[in-house]
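S.K.: Just a sequence and a predicted model for now, questions to come.
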There are 2 protein chains.
Amino acid sequence: MTSPTASPVTAPRILARCRALVRPALSRAVRQLHPWHAEITAFSLGWDGVDGDDVPGAHGKGVRQALAVLGAEAVGAEARDAVPGAVAVELIHTFSLLHDDIMDGDETRRRRATAWKAYGTGPAVLAGDALFAQAVRTLTDAPGRQCAPALRLLAGTLTDLVHGQADDLLFESRPWTGPDAVRAQEYRLMAERKTGALLGCAAGLGALLGGAGRTEADALAAAGRHLGVAFQAADDVLGIWGDPAVTGKPVHGDLGRGKKTFPVLAALAAGGPAATELAALLRGGPLDEESVRRAAALVEEAGGRAAATAEAHGHLERARACLESVSSAPDAVEEMLTLFPYIVDRAL
Amino acid sequence: MTSPTASPVTAPRILARCRALVRPALSRAVRQLHPWHAEITAFSLGWDGVDGDDVPGAHGKGVRQALAVLGAEAVGAEARDAVPGAVAVELIHTFSLLHDDIMDGDETRRRRATAWKAYGTGPAVLAGDALFAQAVRTLTDAPGRQCAPALRLLAGTLTDLVHGQADDLLFESRPWTGPDAVRAQEYRLMAERKTGALLGCAAGLGALLGGAGRTEADALAAAGRHLGVAFQAADDVLGIWGDPAVTGKPVHGDLGRGKKTFPVLAALAAGGPAATELAALLRGGPLDEESVRRAAALVEEAGGRAAATAEAHGHLERARACLESVSSAPDAVEEMLTLFPYIVDRAL
């Protein structure tokens, strides 16, 4: 599936093209909300106002809308066919950030206050609900006869999202070791639901709205799900060894918070002296700065960092393989293949 | 539309028949949730367990599911055609109670702790999201080709619900008098969105899933919307003058909380010495027990109670009138006409 010549289109240019294409419809969807919810949403999206300029560094890359657009193009449809799907997945993504930040107690995101911190918990809950409703409405209002399969895909995705978030929250109270410890396969399934489902939904919705049959749409959705697992593993590496100047998060942050992530779970499961020392350290409760540094070294020594990197690469490869059956428009598939490692590799 | 003989079927029997019909599918929908969300939902619904017995007095009447079932029967369809719609509206109702109790800070409902009080804010937010997702999924999985119009009705309803809840919350910070005071028409629109939309959705979904055309479905949805406004006005009367032994709420509760309800807004808008004294009292801030009693007397003296009662009767009459165009199955329409005043009259 590699092109004989290097792709001339870089990932940032692909993302910018898709954002420019989707933005007018996304702005319209936000403007249709209750003014209070439009304001909270514009804040969450890093827009100064609904039609205003972006706050530098505060907006997302728009990965999900891009996957929707490329999903339509990859099955030979026009980019504009994907727009309702692209808007729906961006609205759902913003909804999930709003609600997850409440549940996780996160006070900052992209170097700004989170919505619940800025507007209060109640308004942030309701604004999230409004985005959820608007996402469903965007698809029911979409032209064409693809409404039913598109909505079925979205509904299944929403179920996955909440299931994955619930498991992620429940993992917090599970022990680090022993029969009740979180297994790698459970963690993978959580990541597939919490992160992969919406990426897969984006690509699959684009394909469905572009008139694709079930086989192509399923292949694109499966690619997105693997991409999500790869992203989560890479993001977990970043959460421990990422540069705070780039991530905007404290060094070793996930370890300091006692978060169960792939590198730590893999290190503990590996056994050996480093794993044994790591387990004793983690069971001791909240870690001070020196213990966090020691824990990070032990995770690496026990092979947790390498395992997470291999996990990311493995699922990235499987995401690529899913696209082999999608052959209507090689250029669009090529752009998707350019985007996949860009999304994952930032951490590796 | 009145029957020449008195209806032999009482409202409680109609509600019980519909609950029995819908319960297996509703239990299945709840069991499909993440176990954590199934538990919170069973608690919220007043079930001991998903398949267990009801907690006496803790479950709702199931008005929405009954309207869905009667909506299908009223257009000549089988009751079972309405079941996915009945399940969807009950799930949405439970979702909105879960989230609204967080926003309103309410600690008890039906004499038990609210879900956020019993399980924490984060879990209650997520369980609500899960119910929202499951409602959409229930409709996308429904057999037949009515998926698109049914989902369009649900999506519009969800938009109305969050819009109405936002307005209700924002009314709290509006002044009691002057140009920025809440006008009766604004309050009516809020009630139509917050309460009427879902009642209308229930009846309309039943009709659509029963294969009705748009005209009949619209008439049933409009009836439900008027019923909602009537219910809200009646509930507002109950919130001030209801018997605490029946309502489970303190006497004059809404006045003590400084809530802007129809009787108070109508009293203030009426003018005259009682309205003037009432306005001065309310502007003074939180009321002590004696002031609350005085305020209730002034609302009544200024005609607020009578206006709210007239509002309830007026919209009940309009709800009834909407059913005149629905003539496929007079017996089912008759049952709906039995249910309408039962829902509203408990307060009058």
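M.R.: Right, received. Where do you want to start?

S.K.: Buried residues of the helix or strand where residue A:117 lies, list them for me.
M.R.: Element membership for residue A:117 (DSSP states H and E) is helix A:115-119. For helix A:115-119, the neighbour count (16 or more other Cβ atoms under 10 Å in any protein chain shown) marks A:115, A:116, A:117, A:119 as buried. Quick note: C-beta positions are derived from backbone N, CA and C, even for glycine.

S.K.: okay, the last one: pLDDT?
M.R.: Going back to what we said before, that points to residue A:119. On the pLDDT scale, residue A:119 is placed at 94.

S.K.: List the contacts of residue A:169.
M.R.: Residue A:169 makes contact with A:103, A:104, B:122, B:123, B:126, according to Cβ atoms under 8 Å, 6 or more residues apart in numbering or on different chains.

S.K.: The helix holding residue A:117 near chain B at all?
M.R.: No - using Cβ under 8 Å from any Cβ of the partner chain, helix A:115-119 never reaches chain B; the gap is at least 9.9 Å.

S.K.: Check which helices and strands that helix is in contact with.
M.R.: Counting contacts by 3 or more Cβ pairs under 8 Å, 6 or more residues apart in numbering or on different chains; DSSP states H and E, helix A:115-119 packs against helix A:35-44, helix A:83-104, helix A:121-140.

S.K.: now the contacts of residue A:169 as JSON lines including distance to residue B:175?
M.R.: Below are those laid out as JSON lines (distance: Cβ to Cβ, whole Å):
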{"residue": "A:103", "distance to residue B:175": "35"}
{"residue": "A:104", "distance to residue B:175": "37"}
{"residue": "B:122", "distance to residue B:175": "35"}
{"residue": "B:123", "distance to residue B:175": "37"}
{"residue": "B:126", "distance to residue B:175": "36"}
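
S.K.: Lowest pLDDT pick from these?
M.R.: Pick the lowest pLDDT in the contacts of residue A:169 and you get residue A:104, at 88.

S.K.: What is the neighbour count of that one?
M.R.: 16 (other Cβ atoms under 10 Å in any protein chain shown).

S.K.: Likewise for the one 5 residues further on?
M.R.: Residue A:109 has 19 neighbouring residues, counting by other Cβ under 10 Å.

S.K.: Residue B:240 versus that one, what's the distance?
M.R.: According to Cβ to Cβ, to the nearest Å, residue A:109 stands 43 Å off from residue B:240.

S.K.: can you put the helices and strands packed on helix A:115-119 in JSON lines and add distance to residue B:319?
M.R.: Listed next are those as JSON lines, based on distance: least, Cβ to Cβ, whole Å:
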{"stretch": "helix A:35-44", "distance to residue B:319": "29"}
{"stretch": "helix A:83-104", "distance to residue B:319": "33"}
{"stretch": "helix A:121-140", "distance to residue B:319": "25"}
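
S.K.: Just put these in TSV and tack on distance to chain B.
M.R.: Formatted as TSV, the helices and strands packed on helix A:115-119 follow (distance: least, Cβ to the nearest Cβ, whole Å):
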stretch	distance to chain B
helix A:35-44	5
helix A:83-104	4
helix A:121-140	4
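
S.K.: Just the CA atoms of the helix holding residue A:117, as CSV, please.
M.R.: Only the C-alpha atoms of helix A:115-119 are listed here, as CSV (Å, rounded to 0.1, in the frame of the first residue of the first chain):
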residue,chain,number,x,y,z
ALA,A,115,-14.9,23.9,31.0
TRP,A,116,-16.2,22.7,34.3
LYS,A,117,-13.5,24.8,36.0
ALA,A,118,-14.4,27.9,34.0
TYR,A,119,-18.2,27.6,33.9
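
S.K.: Pull the contacting residues for residue A:153.
M.R.: Contact partners of residue A:153, counting by Cβ under 8 Å, 6+ apart, are A:201, A:204, A:205, A:208, A:217, A:221.

S.K.: Tell me the predicted confidence for it.
M.R.: 96.

S.K.: thinking again about what came up before, kindly indicate which of the contacts of residue A:169 lies nearest residue A:76.
M.R.: residue B:126 (39.0 Å; Cβ to Cβ).

S.K.: Number of residues surrounding that closest one?
M.R.: With other Cβ under 10 Å as criterion, residue B:126 counts 27.

S.K.: Same question for residue A:324.
M.R.: Residues near residue A:324, counting by other Cβ under 10 Å: 11.

S.K.: now residue A:24
M.R.: A count of nearby residues for residue A:24, using other Cβ under 10 Å, gives 12.

S.K.: roughly how far out does the helix of greatest length in chain A sit from the chain middle?
M.R.: Determined from DSSP state H, the single longest helix within chain A is helix A:214-241. Average the C-alpha atoms of helix A:214-241, do the same for its chain, and the two points are 8 Å apart (Cα atoms, centre = their mean, to the nearest Å).

S.K.: Buried residues, the helix or strand just after it. List them.
M.R.: Following helix A:214-241 in sequence order, the next helix or strand is helix A:244-247 (DSSP H and E). For helix A:244-247, burial by neighbour count (16+ other Cβ under 10 Å) applies to residue A:247.

S.K.: From chain B, how far out is the residue nearest to residue A:253 when sequence neighbours are not counted?
M.R.: Distances taken as Cβ to Cβ, 6 or more residues apart in numbering or on different chains place residue A:239 nearest to residue A:253, at 5.9 Å, with adjacent residues excluded. To chain B, residue A:239 is 20 Å away according to Cβ to the nearest Cβ, to the nearest Å.

S.K.: To what extent is residue A:239 buried, counted in neighbours?
M.R.: 23.

S.K.: residues contacting it?
M.R.: Residue A:239 neighbours (Cβ under 8 Å, 6+ apart): A:247, A:249, A:253, A:254, A:259, A:261.

S.K.: If we ignore the residues flanking it in sequence, what's nearest residue A:256?
M.R.: residue A:292 (5.0 Å).

S.K.: again with residue A:70
M.R.: In this structure, residue A:70 finds its nearest non-sequential neighbour in residue A:336, 4.7 Å apart by Cβ to Cβ, 6+ apart.

S.K.: Can you report how many residues neighbour the one you found?
M.R.: Around residue A:336 there are 26 other residues, counting by other Cβ under 10 Å.

S.K.: a helix runs through it, doesn't it?
M.R.: Yes - under DSSP: H, G, I helix; E, B strand; the rest coil, residue A:336 sits within a helix.
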